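Fold the stuff below for me.
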Amino acid sequence: MRVGIATDHGGFALKEDLAAHIRASGHEVVDFGAHSLDPGDDYPDFVVPLARAVAAGTVERGVAVCGSGVGASVCANKIPGIRAGLVSDHFSAHQGVEDDHMNIVCMGGRIVGPYLAWELLEAFFAAEFGQAERYLRRLDKVAALERETSSYRGVAMTRSKS
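Predicted coordinates for the structure are as follows:
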């Protein structure tokens, strides 16, 4: 599997550890940064390119880490086609993929330790979308919401330029 990974300073150590584990398990890693520890960096600078790559299919799944995981999750979910979930337990790591077709897992570098984080990624990578009728129906509703929101943003942006 081709996996993208991104972080800011709050998750830098965890990202480095996870990237090594991902590579060692035979997956290809695309590292969107941060590439060095910089306390002044901002997670959107790294999470947005990751999310765009997942949405475009350049990478199959993504891992986004920041201090709490919340900012990375909020940011990633602004990109159409992304279903990012903040995960700190085993059940959510696989259920988010199986039921909700989660394609980016978000974690907090200050919340989740490296051993648990790796276990969560193993569950995330092993999970497959269930494609039950109810899951497909729900995804269609989420996609409709994305289209509606994008249309609304376009109208709002046009109005604000006047």
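
which residues touch the spatially most central residue of the chain?
Nearest to the geometric centre of the chain sits residue 104, at 2.6 Å (Cα atoms, centre = their mean). Applying Cβ atoms under 8 Å, 6 or more residues apart in numbering to residue 104 gives the contacts 50-51, 54, 61-64, 76, 82-85. (Glycine included, C-beta is placed from N, CA and C.)

Next: residue 61.
By Cβ under 8 Å, 6+ apart, the contact list for residue 61 reads 1, 3-4, 54, 103-105, 124-125.

Select from these every entry located in strands.
Judged by DSSP state E, these include 3-4, 104-105 as members of strands.

In CSV, list these along with pLDDT and distance to residue 45.
Putting these into CSV (pLDDT from 0 to 100; distance: Cβ to Cβ, whole Å) gives the following:
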residue, pLDDT, distance to residue 45
3, 98, 19
4, 98, 14
104, 98, 16
105, 98, 19
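
Tell me which two in the residues you listed are the farthest apart.
Farthest pair in these (Cβ to Cβ) is 4 and 105. Separation: 11.1 Å.

Have a look at these two and say which one is more surrounded.
residue 105 (29 against 25; other Cβ atoms under 10 Å).
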